[in-house]
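1. I would like to see how this sequence folds:
(one chain, ligands or ions: 1)
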Amino acid sequence: MTFHSMWAELLPVGRSSASGGYRRYAWTGADTDCRTWFREQAEARGLTYEVDRNGNQWAWLGDPAAGDAVVTGSHLDSVPDGGAFDGPLGVVSSFAALDELRARDVTFTKPLALVNFGDEEGARFGLACVGSRLTAGRLTAEQAHRLTDGEGITLPQAMEAAGHDPDAIGADPERLARIGAFVELHVEQGRALDLSGDRVGLASAIWPHGRWRFDFRGEANHAGTTRLDDRRDPMLPYAETVLAARREARLAGAVATFGKISVEPNGVNAIPSLVRGWLDSRAADQATLDTVVAGVEQAARAYAEGHGIDLDVVRESFTPVVEFDHALRDELARILGSDTDLKVPVLGTGAGHDAGILSGTVPTAMLFVRNPTGVSHSPAEFAAEDDCVAGVHALADVLEGLACR
Ligand SMILES: [Zn+2]
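-> You can find the predicted model right below:
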């Protein structure tokens, strides 16, 4: 099967006719259909198919027990109304790259595996990368058993309904110990490649990122009868803080977003008593991120004071920088650089991936394919077929360089 025909086959699975976006949530019917597609692709190629204890799907060429395996793949699930490329591009490209290597008649000296990690987006149970986190021991079975979806269905119940034994889940160090390198190909979730004019890029790192909650507390009062001078309106310093976040991020070359807000009493004719805003900020390195967040907080405190408002700032989550394996990245750059048509810029990303989870245990690298608009997690997410095919060639070159020498 060509990249084109595989892509066309997977395209309608789990797509909403109303939004045009994908609703492939973990352990639902759409997810099961995607997983069936993966199994059929594996079997059609004579690969050894298996599902690990955490529900991740594997397709092996060669003996896994031989060790030092080269693994590639991504995920097939989606965010609510997600695009077609985030995840599936990496999985489809894995099969297409294997087909290309067979057409090149290469000899594999190491086992090769293609993988579909389960529940990467966390759309249903609220935690991303559940399949890889469990495998890497970054999420315990007890923690996973407590995950619940919006309808009160627990992860074990959902797994069981889809035919997977939830009692089997947990860390899988033996499996990871057999992997010598993991390479994930992914659509770029930004415009760096579009701006540089390259089809394919290499990941340097996943940016450190975090979420901070800003609670601005003032005094509720009547929107019609309270003189402006008498108000303690927390919306005002909040609004100024949103602008400060933009300014600080721009100065530092980082990103900062207030994308969620909650207001009390949330009445159109009431001055708020509380405005709670959540800041998401990411930067290429820790020092820059610290500078941005400190700058936003300092500005917020000054604005709050100016309006007679109390402010609390709470860090709700934080993920440090993930540096991909330097030796593996250099190896990939060398492999891809020998193809003179293909420049390979190295870029960081602000998005999380299974590759980031595994990078703590296994030498890991990522390839990005150009996304002309940079839009992701939306039905408008796109990559041109020429670029996808260039990604397949690059992945095939990488796999040949890693697994055939
Ligand atoms: Zn993804």
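
2. C-alpha from now on. contacts and neighbour counts both.
-> OK.

3. hey, where'd the helices end up in the stretch 201-350 of the chain?
-> 235-252, 286-306, 326-337 (DSSP state H, counting those that start in this stretch).

4. Save the ones you listed as JSON lines, and put in mean neighbour count and distance to the ion too.
-> Formatted as JSON lines, the helices of the stretch 201-350 of the chain follow (neighbours: other Cα atoms under 10 Å; distance: least, Cα to the ion, whole Å):
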{"stretch": "helix 235-252", "mean neighbour count": "19", "distance to the ion": "25"}
{"stretch": "helix 286-306", "mean neighbour count": "18", "distance to the ion": "23"}
{"stretch": "helix 326-337", "mean neighbour count": "17", "distance to the ion": "20"}
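
5. Any idea which residue of the stretch 251-400 of the chain lies closest to the ion?
-> Using Cα to the ion, the single residue of the stretch 251-400 of the chain nearest to the ion is H353, 5.9 Å away.

6. ok, the helix or strand of the chain with the lowest mean pLDDT near the ion or not?
-> The weakest-scoring helix or strand in the chain, judged by mean pLDDT, DSSP states H and E, is strand 346-349 (a mean of 90). No - Strand 346-349 stays clear of the ion (Cα under 5 Å from the ion), getting no nearer than 11.7 Å.

7. can you give me how far that strand is from the chain middle?
-> Relative to its chain's centre, strand 346-349 lies at 14 Å (Cα atoms, centre = their mean, to the nearest Å).

8. who in this protein is up against the ion?
-> Taking Cα under 5 Å from the ion, the part of the chain that reaches the ion is made up of 86-87.

9. pLDDT weak spots in the protein?
-> Where the chain drops to pLDDT under 70, the residues are 338-343.

10. ok, 90 please
-> 1, 126-127, 316-319, 337-345, 350, 352, 405 (pLDDT under 90).

11. Show me how it divides into domains.
-> 3-207+321-403, 209-319 (automatic domain parsing).

12. which one of these is the most hemmed in?
-> Neighbour counts (mean count of other Cα atoms under 10 Å) averaged over each of these peak at domain 3-207+321-403, with a mean of 20.

13. so how far is it off the chain centroid?
-> Domain 3-207+321-403 has its C-alpha centroid displaced from the chain centroid by 10 Å (Cα atoms, centre = their mean).

14. same deal with stretch 248-266?
-> 20 Å.

15. As CSV, could you dump the C-alpha coordinates of it?
-> C-alpha atoms of stretch 248-266 as CSV (Å, rounded to 0.1, in the frame of the first residue of the first chain):
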residue,chain,number,x,y,z
GLU,A,248,6.9,39.6,28.5
ALA,A,249,6.7,36.7,26.1
ARG,A,250,7.4,38.9,23.1
LEU,A,251,10.5,40.4,24.8
ALA,A,252,11.8,36.9,25.8
GLY,A,253,11.0,35.0,22.5
ALA,A,254,8.7,32.8,24.5
VAL,A,255,4.9,32.2,24.5
ALA,A,256,2.4,33.0,27.2
THR,A,257,-1.3,32.6,27.0
PHE,A,258,-4.3,33.4,29.3
GLY,A,259,-6.7,30.9,27.6
LYS,A,260,-9.0,30.2,30.5
ILE,A,261,-10.8,32.4,32.9
SER,A,262,-13.4,32.1,35.6
VAL,A,263,-15.3,35.0,37.1
GLU,A,264,-17.5,35.3,40.2
PRO,A,265,-20.3,36.1,40.4
ASN,A,266,-20.2,36.1,36.6
